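Visitor: this is a predicted model, with the sequence first.
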Amino acid sequence: MRGSAIPTGSIIPPNVAGWAPEQDVRHPYDVVAAKKLLAEAGYPDGFEFTLDTPNNRWVNDEAIAKALAGMWAKIGVKVNVNAMPRANYFPKVLGFDSSAGMVGWGCSTQDALFSIQSLVSTFDTKKGNGLSNIGRVSDPEIDVLVEKIKVESDAKVRNADIAKALKIISDKVYELPLHTQLITWGMGKNIDAEIRSDNRLEIDKVKVNK
């Protein structure tokens, strides 16, 4: 990523309400322990799966998928990278026709509920839950927490429930966070512009200095 990303252990970045440093801890890189876990799970020689990814949606998306495949190969897991244009990718993964897929997620509400509800809660169109849960994760404990977070007005209680949900996601590795992509802008020396965390330009706040 040429210095334009920050490794992360959380599905939400630091500027999002509900984020806490203790929930943003990456799992250790340990090839020996990974091989041991595979053996305990009944796969001493590893296994094979396909990783779907777009090749024209996120910065370095296909390259990242190939890098992951190389890392998994070190523990005997063969990953076939299936890269495709985003026009084909999203209907495939959102139709739950994927063993594993890459997701780039922006938290437009600036609140952790949006990520947890969309990516990890049980798929339920009536409630609007799990609409981007391409792995079909279904954890009753997370579902209960999501419904509580939706209506809780006490910030302290709400953040505690968010922390519980994020810990479950991390402990059970429902998602494998990689990095937070930095926003890169280019502008003339005479231009002042507010750089928002959602990467949207507010033209009325742009100043052109003579």
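Guide: Looks like it came in fine.
Visitor: pLDDT weak spots in the chain?
Guide: Residues of the chain meeting the criterion pLDDT under 70: none.
Visitor: would you map the helices across it?
Guide: Per DSSP state H, the chain carries helices over the ranges 31-40, 61-73, 86-94, 112-119, 140-151, 155-171.
Visitor: and among those, the most buried is which?
Guide: Comparing the helices of the chain by mean neighbour count (mean count of other C-beta atoms under 10 Å), helix 112-119 ranks first with a mean of 23. Bear in mind the C-beta positions are built from the backbone N, C-alpha and C, glycine included.
Visitor: including distance to Ile6, could the helices of the chain go into JSON lines?
Guide: Conversion of these to JSON lines gives the following (distance: least, C-beta to C-beta, whole Å):
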{"stretch": "helix 31-40", "distance to Ile6": "23"}
{"stretch": "helix 61-73", "distance to Ile6": "14"}
{"stretch": "helix 86-94", "distance to Ile6": "24"}
{"stretch": "helix 112-119", "distance to Ile6": "16"}
{"stretch": "helix 140-151", "distance to Ile6": "25"}
{"stretch": "helix 155-171", "distance to Ile6": "17"}
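Visitor: nearest to Ala193, out of these?
Guide: Taking C-beta to C-beta, helix 112-119 is the member of the helices of the chain nearest to Ala193, at 25.4 Å.
Visitor: what is that closest one packed up against?
Guide: helix 140-151, helix 155-171 (3 or more C-beta pairs under 8 Å, 6 or more residues apart in numbering; DSSP states H and E).
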